[in-house]
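K.L.:
A predicted structure for the sequence below; I have some questions about it.
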Amino acid sequence: MPPRIQPKNFILLLKTHKLTVFITLPSTSTVADVKAEALSALTSGVLENPEPNPAAMDEDSEEWVVPKVSSVDDFELARMAKAQGRPTGRYEKLEPSAQLKSVVANWDPIFIQFKDPNGALLPVKVSIPPINPEEYEDPSTQKGKRKAEE
């Protein structure tokens, strides 16, 4: 079976902290184009609004505040490094001049790696919700309407 042809437009998941931004760009765009879109998202007013649901606030919510940025020099974009198709927990910096189709695939997550005031890269901080098997309800154990009424 031949490999799948990548689409002309990529949908990318830009992730940091507890935030995910969906970005659509042509596959021929560069990583620098993604950084410009990321800067636009990170400087938008959405991040300044308080949590709409106070009950959802964690006691560690200050730890998860997205750092303020003013230019594309305040952060780098990275992808998760994989070994034998499995994530390693490490991140590889994406070169700004690289074309998207050469470094990521459609629907791949791209992670934001912020810089400290000295310009050194901080570790990637992202919360990926766990898939909890206890919350999964097996459809084969559910009763249909007819069985439930009997």
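P.N.:
Yes, it's here. Numbering: from 1, shown residues only.
K.L.:
which residues does the longest helix belonging to the chain contact?
P.N.:
If you go by DSSP state H, the chain has its longest helix at helix 31-42. Residues from elsewhere that reach helix 31-42 (C-beta atoms under 8 Å, 6 or more residues apart in numbering): 12, 14, 21, 23, 25, 66, 69, 71-72, 75, 77, 94-98, 100, 103, 110, 112. For every residue, glycine as well, the C-beta is placed using N, CA and C.
K.L.:
and what of stretch 121-128?
P.N.:
15-18, 64, 76, 78, 91, 93, 111-116.
K.L.:
next: stretch 66-77.
P.N.:
So stretch 66-77 is contacted by 14, 16-17, 19, 31-32, 34-36, 38-39, 42-43, 47, 93-94, 110-115, 121 (C-beta under 8 Å, 6+ apart).
K.L.:
would you list every one of the helices in the chain?
P.N.:
31-42, 100-103, 145-149.
K.L.:
give the buried residues for the longest one.
P.N.:
Right, helix 31-42. By 16 or more other C-beta atoms under 10 Å, the buried positions in helix 31-42 come out as 31, 33-35, 37-39, 41-42.
K.L.:
for Leu14, see how far away Ala41 is.
P.N.:
For Ala41, the distance to Leu14 equals 7 Å [C-beta to C-beta, to the nearest Å].
K.L.:
and for these two, which residues touch both?
P.N.:
Both Ala41 and Leu14 are in contact with 21, 23, where contact means C-beta under 8 Å, 6+ apart.
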